[in-house]
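**Student:** The sequence and its predicted three-dimensional model are supplied below.
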Amino acid sequence: MRKLVTLWRRCRDYGDRGMSTAEYAVGTVAAAAFAGLLFKIVTSPEVRRMLLAIIHRALSLVG
């Protein structure tokens with residue numbers, strides 16, 4: 001009986017390894033897609049204009 005329980009635990013633990021690897025792969029792809037989208041948004045002309053306006057306003061308040 002103990003051998004059966006040990007074998008079952010090994011099989012169960014081995015099956016979890018593949019699932020976590022697949023989850024990491026999906027998470028990595030999702031993070032890369034989100035980074036690409038964020039880069040596209042930040043480098044757009046509208047956002048660039050807004051950021052430059054904020055910086056210009058901050059610098060004009062200081063000096």
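**Tutor:** Received it, and whenever you're ready, just let me know what you need.

**Student:** low pLDDT regions in the protein?
**Tutor:** Judged by pLDDT under 70, the chain has its weakly predicted residues at 12-19, 63.

**Student:** Next up, phi/psi of Thr43, please.
**Tutor:** Dihedral angles of Thr43 (phi, psi; degrees, to the nearest 10) stand at phi -90, psi 0.

**Student:** where's it relative to Leu59, distance?
**Tutor:** 22 Å (CB to CB, to the nearest Å). For the C-beta atoms, the positions are set from N, CA and C on the backbone; glycine is no exception.

**Student:** and what of Pro45?
**Tutor:** 21 Å.

**Student:** what about Trp8, neighbour count?
**Tutor:** By other CB atoms under 10 Å, 10 other residues sit near Trp8.

**Student:** Likewise for Thr43?
**Tutor:** 9.

**Student:** Same check on Ala32?
**Tutor:** Using other CB under 10 Å, Ala32 is surrounded by 10 other residues.

**Student:** Follow the chain on from the strand or helix carrying it and name the next helix or strand.
**Tutor:** Element membership of Ala32, judged by DSSP states H and E, is helix 2-42. Downstream of helix 2-42, the next assigned helix or strand under DSSP H and E is helix 45-62.

**Student:** pretty sure Ile41 contacts Val47?
**Tutor:** Yes: with contact defined as CB atoms under 8 Å, Ile41 counts as touching Val47 (6.1 Å).
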